[in-house]
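S.K.: need coordinates for the following:
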Amino acid sequence: ASLSEGEHYHHSLGGNLALIKPLLRAYVDAARVGGELWVATLDEHGIVGVALWYGPETAFLATEEQREAGWNQVMAQLPEDRTRWWDSVRINIYSLQLSRTYTVHVARDGYHLWILATHPSHERRGVATTLVRAVEDI
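M.R.: Numbering: from 1, shown residues only. Alright, predicted model coming up:
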C-alpha cells in the first residue's frame, strides 16, 4: 500500500504537516543556491517535472547558504529528536551510501540526483526519463 503525502511526512516532521510545503521548498531552494534545479515544461501545462541535482564538487546542504535558504527555518520548528533524525539521514546515511556505492572519483565528480518528480497527470510519458537523460549527456 502506498503512503499518502501526510503519512509519508508525519514521522519526519514530528507530526507538523504544515511543514510539508516549507520542507519541499527548502529542497528546491537548496538546489537553486548550491545545486541544479532542472524543470520540464509543456507550453499548454507549465511545469510537469522537476529534478534536483548536485553536480561535481557539490552536495545537498553542504553550505551554510544552502541551509539558510529554508532548511534551517524548517528544522527550527521541529522537536530536537526530529532534527537529530534529519541530521542522521542527511549526513550519515547519505555519506555512507555514497562511500559504499561509488568510487571516490564518481562521488566527487559525478552528478547526484536528490529529487525527481513528475506531475501525476504526466506520469509514464517520458518526463522523468528526459530529465535524467539530459544529465547523463553531460
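
S.K.: can you map out the helices along the protein?
M.R.: Along the chain, counting by DSSP state H, helices occupy 5-10, 20-34, 64-66, 72-75, 80-87, 94-101, 104-109, 127-137.

S.K.: against which helices or strands is the third one packed?
M.R.: In other words, helix 64-66. helix 20-34 (3 or more CB pairs under 8 Å, 6 or more residues apart in numbering; DSSP states H and E). (C-beta placed from N, C-alpha, C; glycine too.)

S.K.: run through the neighbouring helices and strands of the helix it packs on.
M.R.: helix 5-10, strand 46-54, helix 64-66, helix 72-75, strand 112-118.

S.K.: now the angle from that helix to helix 80-87?
M.R.: 40 degrees (axes from the mean of the first three to the mean of the last three CA atoms, to 10 degrees).

S.K.: isn't Trp86 up against Met75?
M.R.: Yes. Counting by CB atoms under 8 Å, Trp86 touches Met75, with 6.5 Å between them.

S.K.: so where's this protein uncertain?
M.R.: Where the chain drops to pLDDT under 70, the residues are 1-8, 90-108.

S.K.: out of the helices of the chain, the one nearest Thr118 is which?
M.R.: Nearest to Thr118, of all those, is helix 127-137, at 4.6 Å by CB to CB.

S.K.: give me the residues contacting the closest one.
M.R.: 38, 40, 48-51, 53, 111, 113, 116-119 (CB atoms under 8 Å, 6 or more residues apart in numbering).
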